[in-house]
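Engineer: Provided below for reference: sequence and predicted model.
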Amino acid sequence: MNIDIHIEPNTHAIYAIRLVPGKWKEIFSKGNYAVLIAECLNECVYENDMHINGYLITYNSVCLLLSNDIECQQKITLFMKKVKTAVLEVANKHEREKIVLHHLFRQYTITDTALIYLLTGRDFQLPYYDPNVSQLREKLNNEPFCSVVDYSGAKSPVVIEKKEPKIEIIITSTDTINLQNDYFFNTL
């Protein structure tokens, strides 16, 4: 499928994807799960030229902000293959029960503008006080597996491609990259 996306000067289009893991995550501690996901993402950055502009890895989900790329679907599928291989290696090493990994994640589009702005190092201000935004900002500042660390000047566990805050972000729907394959649950 060919996708033609016109990008205005001083803008950057991204795919904002939230992946919710299946039951397979239960064979890992929270820390080991986050490390596994971070390692798989880094392999994709170095081996498959994946461009990550922001991320958040928690035990309940993986939020990815990826540069708009015609090959984005392929890169995400390669990430899924790396996760599946890593999970099977751990399961086999510990001789766990046979684990079924047909569907690794449920996939959703991130629509929370505050989350997207904060994960990409932008300040998110409303003309009024919103306690939810304040809580989100505080939570992200305390997450060890989060791109907010990179935008603050330190280094986080996942390699990202930082975008200048003055460049406007355009969110591209993940529906355009057709990620329905064996690695995802049907979310309809």
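Structural biologist: Noted; the coordinates are in hand.
Engineer: residue ranges for the helices of the protein, please.
Structural biologist: For the chain, the helices defined by DSSP state H cover 30-48, 72-93, 113-119, 131-141, 148-151.
Engineer: Turn these into JSON lines, including mean pLDDT and distance to Ala16.
Structural biologist: The C-beta positions use only the backbone N, C-alpha and C, and glycine is treated the same way. Listed next are the helices of the chain as JSON lines, based on pLDDT from 0 to 100; distance: least, CB to CB, whole Å:
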{"stretch": "helix 30-48", "mean pLDDT": "96", "distance to Ala16": "15"}
{"stretch": "helix 72-93", "mean pLDDT": "88", "distance to Ala16": "12"}
{"stretch": "helix 113-119", "mean pLDDT": "93", "distance to Ala16": "6"}
{"stretch": "helix 131-141", "mean pLDDT": "94", "distance to Ala16": "15"}
{"stretch": "helix 148-151", "mean pLDDT": "91", "distance to Ala16": "15"}
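Engineer: out of those, which comes closest to Pro157?
Structural biologist: helix 30-48 (4.3 Å; CB to CB).
Engineer: Regarding this protein, what is its longest strand?
Structural biologist: If you go by DSSP state E, the chain has its longest strand at strand 11-21.
Engineer: Against Cys63, how distant is Ala114?
Structural biologist: Going from Ala114 to Cys63 by CB to CB, to the nearest Å gives 12 Å.
Engineer: Between those two, which is the more surrounded one?
Structural biologist: Ranked by neighbour count (other CB atoms under 10 Å), Ala114 and Cys63 place Cys63 first, with 21 against 18.
Engineer: does the more buried one have beta-bridge partners, and which?
Structural biologist: Arg18, Leu56 (DSSP bridges).
Engineer: Surely it touches Ile52?
Structural biologist: No - counting by CB atoms under 8 Å, Cys63 does not reach Ile52; the two are 10.6 Å apart.
Engineer: How about Val35, nearest residue that isn't a chain neighbour?
Structural biologist: Leaving aside its chain neighbours, Val35 sits nearest to Pro157 (7.4 Å; criterion: CB to CB, 6 or more residues apart in numbering).
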